[in-house]
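Asks: Just to be clear, the model below is a prediction. Sequence and coordinates:
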Amino acid sequence: MSRAPSYCGVILAAGSSSRMGRDKALLPWPADSTKGTFLSGAMDTLIAITDLVIVIAGENEPALRSAVYSRAGFLLTNPEPSRGQFSSLRIGLQAVLDHGRDGAVVMLVDRPPVKLDTVKLLVQTLNDALEEGVWAVAPQFQGKHGHPLVLGRELIEAMLRAPAESTAKQVREANASHVRYLEVEDANVVLNVNTPEEYARASQNLPGESAH
């Protein structure tokens, strides 16, 4: 009988947020909040379901310190964030193994946090499917694939072995028979917020409860 992984949360937050014009990690959420942000909401969700949370920053590392450390998170810096999101992912996944864990819940910081129940369902689905050769579970909403990704050790190692110029999608597709997609009732799993207009739309359409 397979043993359920012990999980770390990994939040990818090294992007430049150039289209937004301000750091998406620190966008207030809900939009009228004076305390909560995309980053703090993602951390709070992961803290509830994982052993520890690792945040990967880029040039914004100084701006993220207080939010990460106030929640007892680990903050790592991608020295070359221009190499893309996969480079940040590999730094985070290596840290998961270095901390003695063998599972990861990977979130992107550029969107409103998904519901805690969604993450719990994804984690439980992977735990239940390990003996069926499932290495990862990803959510989908209305048939569209999204985040967070829940990875077992086999797919973590596949990500770390892949060429540096790869993408997470390419590695998932190369191991498609080991990846399960789960339909969920949480629109935030597929919501991208890249511009002020998209942020305003998300704030209008997905109020308060989506931050919890």
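Replies: Now that the structure is in, tell me what you want to look at.
Asks: Need the contact partners of the lowest-mean-pLDDT helix or strand in the chain.
Replies: Counting by mean pLDDT, DSSP states H and E, the weakest-scoring helix or strand in the chain turns out to be helix 196-205, with a mean of 86. With contacts defined as CB atoms under 8 Å, 6 or more residues apart in numbering, helix 196-205 is touched by Met20, Gly21, Leu27, Pro30, Ala31, Arg111, Pro112, Leu191, Asn192, Val193. Any C-beta I mention is one placed from the backbone N, CA and C, and that applies to glycine too.
Asks: for stretch 153-170, same thing?
Replies: With contacts defined as CB under 8 Å, 6+ apart, stretch 153-170 is touched by 5, 83-87, 89-90, 93-94, 96-97, 102-104, 135-136, 149, 151, 171-172, 174-175, 178-179.
Asks: And the least confident helix or strand of the chain, how far out from the chain middle?
Replies: 20 Å (CA atoms, centre = their mean, to the nearest Å).
Asks: list the buried ones in it?
Replies: Glu198, Tyr199, Ala202, Ser203 (16 or more other CB atoms under 10 Å).
Asks: Next, format those residues as JSON lines and append distance to Asp51.
Replies: Formatted as JSON lines, the buried residues of helix 196-205 follow (distance: CB to CB, whole Å):
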{"residue": "Glu198", "distance to Asp51": "33"}
{"residue": "Tyr199", "distance to Asp51": "31"}
{"residue": "Ala202", "distance to Asp51": "30"}
{"residue": "Ser203", "distance to Asp51": "32"}
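Asks: Nearest to Leu130 among those?
Replies: Ranked by distance to Leu130 (CB to CB), the buried residues of helix 196-205 are led by Ala202 at 34.4 Å.
Asks: and the gap between that closest one and Arg111?
Replies: Noted for Ala202: a distance of 8 Å to Arg111, by CB to CB, to the nearest Å.
Asks: still on that earlier bit, pull out the buried members of the contacts of stretch 153-170.
Replies: Buried by 16+ other CB under 10 Å: 5, 84-87, 89-90, 93, 96, 102-104, 135-136, 149, 151, 171-172, 175, 178-179, out of the contacts of stretch 153-170.
Asks: Among those residues, which lie within helices?
Replies: Gln85, Phe86, Ser87, Leu89, Arg90, Leu93, Val96, Val171, Arg172 (DSSP state H).
Asks: for the chain, what are the low-confidence residue spans?
Replies: By pLDDT under 70, the weakly predicted segments of the chain are 1-2, 205-212.
Asks: in this protein, which residue is closest to the centre?
Replies: Central residue of the chain (CA atoms, centre = their mean): Met107, 0.7 Å from the mean position.
Asks: So what's the residue count around Gly143?
Replies: Applying other CB atoms under 10 Å, we find 8 residues neighbouring Gly143.
Asks: Tell me how far Leu27 lies from Asp110.
Replies: In terms of CB to CB, Leu27 sits 9 Å off from Asp110.
Asks: hey, what's in contact with both of those two?
Replies: Phe38, Val193.
Asks: thought Leu130 was touching Ala4?
Replies: Yes - counting by CB atoms under 8 Å, Leu130 does reach Ala4; the two are 7.3 Å apart.
Asks: so which of the buried residues of helix 196-205 would you say is closest to Gln124?
Replies: Minimum distance to Gln124 across the buried residues of helix 196-205 is 27.2 Å, recorded for Ala202 (CB to CB).
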